[in-house]
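Visitor: From the sequence below, what's the structure:
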Amino acid sequence: MKTFIIGISGVTNGGKTTLAMNLQKHLPNCSVISQDDFFKPESEIETDKNGFLQYDVLEALNMEKMMSAISCWMESARHSVVSTDQESAEEIPILIIEGFLLFNYNTRVYEPPDSPGYFDGHVWPMYLKHRQEMQDITWEVVYLDGTKSEEDLFLQVYEDLIRELAKQKCLQVTA
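Guide: Here you go, the predicted structure:
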């Protein structure tokens, strides 16, 4: 059974969850795992010299628990759909994993709001550091232009996914 796994990563507060949820609404047989669901308790998060909790580092996440959730999905996806000789693209289980540090192991209003200087002094520099690490990995990565509208980004990703699913269907039929 083929599965299709998509990773969406980017800066904190960059629209990853919004994109993942929009795709899930439009793609059949699609699940989402969000890295935000795997933060350790606040008592286990370190604080930097400015007093900011260090959420934008891998150590703030329970990655073993996240990887376990992904493994469980992969195992259940293998058993959830009976494979046929000519599987349609709609039958291929799709998993979207979204988070700010996936490849390293719309604006929202936060209540209470971030402390002044937090984004510029911590979130953005950590994003740049982790993005460079991601760029050093040789996986096929498509970078999105964050200045485009939410709708334009959705359409770009959705159309790319439909093309990839169609390719998967063609590969399965000829294999």
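Visitor: doesn't Y127 make contact with V57?
Guide: No: with contact defined as C-beta atoms under 8 Å, V57 and Y127 do not form a contacting pair (11.3 Å). C-beta here means a position set from N, CA and C on the backbone, and glycine is covered the same way.
Visitor: per-residue confidence averaged over stretch 5-16?
Guide: Averaged across stretch 5-16, pLDDT comes to 87.
Visitor: same deal with stretch 53-72?
Guide: 90.
Visitor: what's the span of it from first residue to last?
Guide: 30 Å (C-alpha to C-alpha, to the nearest Å).
Visitor: distance between it and the chain's centre?
Guide: Taking C-alpha atoms, centre = their mean, to the nearest Å, the mean C-alpha location of stretch 53-72 is offset from the chain mean by 12 Å.
Visitor: so G7 is in which element?
Guide: Using DSSP states H and E, G7 sits in strand 4-9.
Visitor: Centre-most residue in the protein?
Guide: E98 (1.6 Å; C-alpha atoms, centre = their mean).
Visitor: quick one: that one is in a strand?
Guide: Yes: looking at E98 with DSSP: H, G, I helix; E, B strand; the rest coil, it is inside a strand.
Visitor: Would you check that it makes contact with N22?
Guide: No: counting by C-beta under 8 Å, E98 sits too far from N22 to count as a contact (11.3 Å).
Visitor: circling back: may I have the strand holding G7 as CSV, with CA atoms only?
Guide: The C-alpha coordinates for strand 4-9 follow below in CSV (Å, rounded to 0.1, in the frame of the first residue of the first chain):
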residue,chain,number,x,y,z
PHE,A,4,1.9,9.9,0.6
ILE,A,5,3.6,12.0,3.4
ILE,A,6,3.9,15.7,3.1
GLY,A,7,6.0,18.0,5.4
ILE,A,8,5.1,21.6,5.9
SER,A,9,7.7,23.6,7.8
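Visitor: ok, I137 touching L102?
Guide: No: shown here, I137 and L102 do not form a contact pair, counting by C-beta under 8 Å, at 10.5 Å.
Visitor: More neighbours: those two, which one.
Guide: It is L102, of I137 and L102, that has more neighbours when counted by other C-beta atoms under 10 Å, with 18 against 9.
Visitor: tell me the contacts of the spatially closest residue to that one that is not a sequence neighbour?
Guide: In this structure, L102 finds its nearest non-sequential neighbour in S9, 4.2 Å apart by C-beta to C-beta, 6 or more residues apart in numbering. By C-beta atoms under 8 Å, 6 or more residues apart in numbering, the residues touching S9 are 16, 98-103, 134.
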